[in-house]
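Asker: fold the following, please.
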Amino acid sequence: MGKKYDAAAAKVKEDPCSLSEALELVKQTHTAKFDGSVDMAIRLGVDPKHSDQMVRGSVVLPHGTGKKVRILVFAKGEKEKEAREAGADHVGLDDLVEKINKGWVDFDTVVATPDLMGVVGRLGRVLGPRGLMPNPKTGTVTFDVAKVIKEIRLGRVDYRVEKAGIVHLAVGRVSFSAEQLLENASVVLESVVKRKPASAKGKYLKGITVSSTMGPGISVELGSVRQGPGV
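Answerer: This is a model prediction of the structure:
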């Protein structure tokens with residue numbers, strides 16, 4: 001991968017370290033020339049093939065994501081006006097559906113009012129695989145579009161467990177302080193732990209890794225993370 005990556009990887013200990021130490025190391029082992037994202041992968045003891053073991057939710061990061069999020073809102077009438085006034089990047093229905101069906105996906109998150117989900121649902125084959133489908137469980141299917149747009153702008157992120165039982169999401173940028181990254185990561189972990197499915201048996205949190213864009217993965221000692229009872 002190159003000398004810079006090798007030098008960065010050499011700083012990473014074989015044994016897992018505390019979450020705070022891991023995030024400090026992420027900053028030290030960042031090799032990209034741009035302000036990359038700091039990503040966290042959380043391996044869970046669930047089987048997402050079973051609907052009662054699906055883990056998904058949303059959380060507002062205390063220090064935001066450090067990224068300008070492009071928001072698309074499916075809305076009509078007064079709700080369309082409300083979304084535009086709240087600062088959504090793209091608002092509408094039929095015109096947006098047509099563009100998306102032709103392959104346009106130049107946005108990061110999607111919100112829809114409940115009355116339009118019959119139409120929006122037809123975009124599942126495009127939005128679903130990209131994790132962009134609006135869902136009531138993450139609050140992205142709502143009539144309170146202004147509130148949701150405000151939360152997204154403040155640093156709200158949605159997450160869902162992938163087929164392999166892993167939740168992937170960014171908790172900030174390399175330019176953030178280690179303290180800011182720790183606060184963001186802690187809020188994410190607390191949210192994921194709270195959403196442990198009742199049907200999940202055995203150990204729930206199985207592994208946590210943090211890394212920067214183009215940087216090595218750093219394992220986190222699970223004992224350093226507040227996991228709550230039964231986790």
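
Asker: what's the spacing between the most centrally placed residue in the chain and residue 145?
Answerer: In the chain, the centroid-proximal residue (CA atoms, centre = their mean) is residue 169; its distance is 3.8 Å. Distance, residue 169 to residue 145, using CB to CB, to the nearest Å: 23 Å. Glycine gets a C-beta too; all of them are placed from N, C-alpha and C.

Asker: got the contact list for the residue nearest to the residue nearest to the centre of the chain when sequence neighbours are not counted?
Answerer: Distances taken as CB to CB, 6 or more residues apart in numbering place residue 159 nearest to residue 169, at 4.8 Å, with adjacent residues excluded. Contact analysis of residue 159 by CB atoms under 8 Å, 6 or more residues apart in numbering lists 56-59, 167-169, 188, 192.

Asker: coming back round to it: quick check, the residue nearest to the centre of the chain in a helix?
Answerer: No - the assignment for residue 169 (DSSP: H, G, I helix; E, B strand; the rest coil) gives strand, which keeps it out of a helix.

Asker: for this structure, what spans make up the helices?
Answerer: Applying DSSP state H to the chain gives helices spanning 3-10, 19-28, 77-85, 94-101, 117-120, 124-127, 145-154, 178-194.

Asker: from those, which stretch is densest packed?
Answerer: Mean neighbour count (mean count of other CB atoms under 10 Å) peaks for helix 19-28 among the helices of the chain, with a mean of 21.

Asker: and that helix, what other elements does it pack with?
Answerer: Counting contacts by 3 or more CB pairs under 8 Å, 6 or more residues apart in numbering; DSSP states H and E, helix 19-28 is packed against helix 178-194, strand 205-212, strand 218-219.

Asker: what angle do that helix and helix 178-194 make?
Answerer: Calculated by axes from the mean of the first three to the mean of the last three CA atoms, to 10 degrees, helix 19-28 forms an angle of 130 degrees with helix 178-194.

Asker: cool, thanks, signing off.
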